[in-house]
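In: Sequence and predicted structure below; questions after.
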Amino acid sequence: MKTIKQKRSSYPSSVMNKFKLTKDDLLPGVSCLGCHIIGVERRRDHWCCPKCGAKSRNAHMRALKDYQLIFCRNEITNAEFRWFVGLESRKVAHKLLRDACVKVIARGKYSKYILPDLG
């Protein structure tokens, strides 16, 4: 039992808790893989940077990794994902999450997507 408690306490704490941050302190959006600005826009089948024009089909994967590091969670909802990457469309968010995640828990409004280890 002591080993379990030791292991449990060695998990990293959420960056949000550690630095006493709120969601209002974060700047949501996908960052450009080229010039690193935040605010890359989603086009039909890719992300496009309005500043340098760089395109990426999977720029949201780095945002999901950032989400894991910031919140210390391996699950995300559609609404959380849309807020974090700056998307409006539930359908686009669902498709991106379905393709990126290893498992979906529940269905419909209460779906949670289990993120792979993006280490």
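Out: Ah, there it is.
In: helix/strand/coil for the closest residue to Trp83 other than its chain neighbours?
Out: Excluding its sequence neighbours, the residue lying closest to Trp83 (Cβ to Cβ, 6 or more residues apart in numbering) is Pro28, at 5.9 Å. The way it works is simple: take the backbone N, C-alpha and C, and place the C-beta from them, glycine included. Three-state call for Pro28 (DSSP: H, G, I helix; E, B strand; the rest coil): coil.
In: In this model Gly86 seems to touch Pro28, though I could be wrong.
Out: Yes. Contact criterion Cβ atoms under 8 Å: Pro28 and Gly86 qualify, at 5.5 Å.
In: which stretches of the chain form strands?
Out: 41-42, 47-48, 55-56, 75-76, 103-105, 112-114 (DSSP state E).
In: Make CSV from these and add distance to Phe19, mean neighbour count and mean pLDDT to it.
Out: Below are the strands of the chain laid out as CSV (distance: least, Cβ to Cβ, whole Å; neighbours: other Cβ atoms under 10 Å; pLDDT from 0 to 100):
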stretch, distance to Phe19, mean neighbour count, mean pLDDT
strand 41-42, 29, 16, 96
strand 47-48, 28, 18, 97
strand 55-56, 29, 16, 96
strand 75-76, 21, 19, 95
strand 103-105, 29, 12, 91
strand 112-114, 25, 18, 95
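In: JSON lines for the ones you listed, including distance to Asp24?
Out: Converted to JSON lines, the strands of the chain look like this (distance: least, Cβ to Cβ, whole Å):
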{"stretch": "strand 41-42", "distance to Asp24": "23"}
{"stretch": "strand 47-48", "distance to Asp24": "25"}
{"stretch": "strand 55-56", "distance to Asp24": "28"}
{"stretch": "strand 75-76", "distance to Asp24": "19"}
{"stretch": "strand 103-105", "distance to Asp24": "28"}
{"stretch": "strand 112-114", "distance to Asp24": "24"}
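In: Kindly tell me how buried Lys23 is, as a neighbour count.
Out: 11 (other Cβ atoms under 10 Å).
In: scratch that, Asp24 is what I was asking about
Out: Neighbours around Asp24, by other Cβ under 10 Å: 5.
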